[in-house]
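>>> here is a sequence with its predicted model. Questions after.
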Amino acid sequence: MLPYVGGDFGASSHWKMLLIGESFYFPPESTIHLDAARWYSETQNSLNADELEYFNCRGLLECPWKADGHQMYREINRCLDSLGLECSERAVSHVAFTNSFCRPAAKSGDSFKHCCTELDRIKSQEVTKAVIDVLNPDLVVYVSKYAWDCVGHNLAELLKDKTFRFASHPAGQFYWNRRGYAHGRPKFIQILQDDFMRLIKD
């Protein structure tokens, strides 16, 4: 669950940006994550090797993005790539990334809103604040409107020294590319241009 931190995260050409997605997914046969109270009482030792791979945030950002579940990372990388950033491999090397919720969604590919509990919200705010305290980003961007509505806006009120923004989930193609929708891909690109690249304009 350790957040991905790209090698160019602290580059002098842009603000330090932490992107926050929604949640991980687990193999279809997994059940350990279905009960919130049980999930937060367990340790990593309770997970099998396959589940650990699904939960490896850094590995997900660094592996080949061939699976359907990697659509989000491919899309974020395309948006960052449009900025013309210098990078040895992928443009995501200029950002940090983590997911908002610490428990995987109940069903692979489904929104976390269908299983979210108050305990999930509490843990999300607690862990995300700790990640922000450690990474000290200038800009925090939620790429999940649900996670923003559920947790992000509360953190923005709490951490007023940080700039917070949000957009819809990049894998939710109906909203991400929907013409006229206010929080889709065009908004995310605008955030990158206006906030992430602010040092160039300053």
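Arrived safely.

>>> where does this structure dip in pLDDT?
Scanning the chain for pLDDT under 70 picks out the ranges 199-202.

>>> which stretches of it form strands?
With strands called from DSSP state E, the chain shows them at 4-5, 17-21, 96-99, 139-143, 163-167.

>>> pull up the pairing partners for the third one, direction included.
Looking back up the chat, that one is strand 96-99. With DSSP bridges as the test, strand 96-99 is paired with strand 4-5 (antiparallel), strand 17-21 (parallel).

>>> that older thread, turn the strands of the chain into CSV, including distance to residue 177 and mean neighbour count.
C-beta: built from backbone N, CA, C; applies to glycine. Output for these, formatted as CSV (distance: least, Cβ to Cβ, whole Å; neighbours: other Cβ atoms under 10 Å):
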stretch, distance to residue 177, mean neighbour count
strand 4-5, 25, 21
strand 17-21, 18, 25
strand 96-99, 21, 24
strand 139-143, 14, 25
strand 163-167, 12, 21
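
>>> spit out the contact partners of residue 52.
Going by Cβ atoms under 8 Å, 6 or more residues apart in numbering, residue 52 touches residue 44.

>>> shouldn't residue 155 be in contact with residue 164?
Yes. If you go by Cβ atoms under 8 Å, residue 155 and residue 164 touch, sitting 7.1 Å apart.

>>> mind listing the shared neighbours of these two?
Listed as contacting both residue 155 and residue 164 by Cβ under 8 Å, 6+ apart are residue 140.
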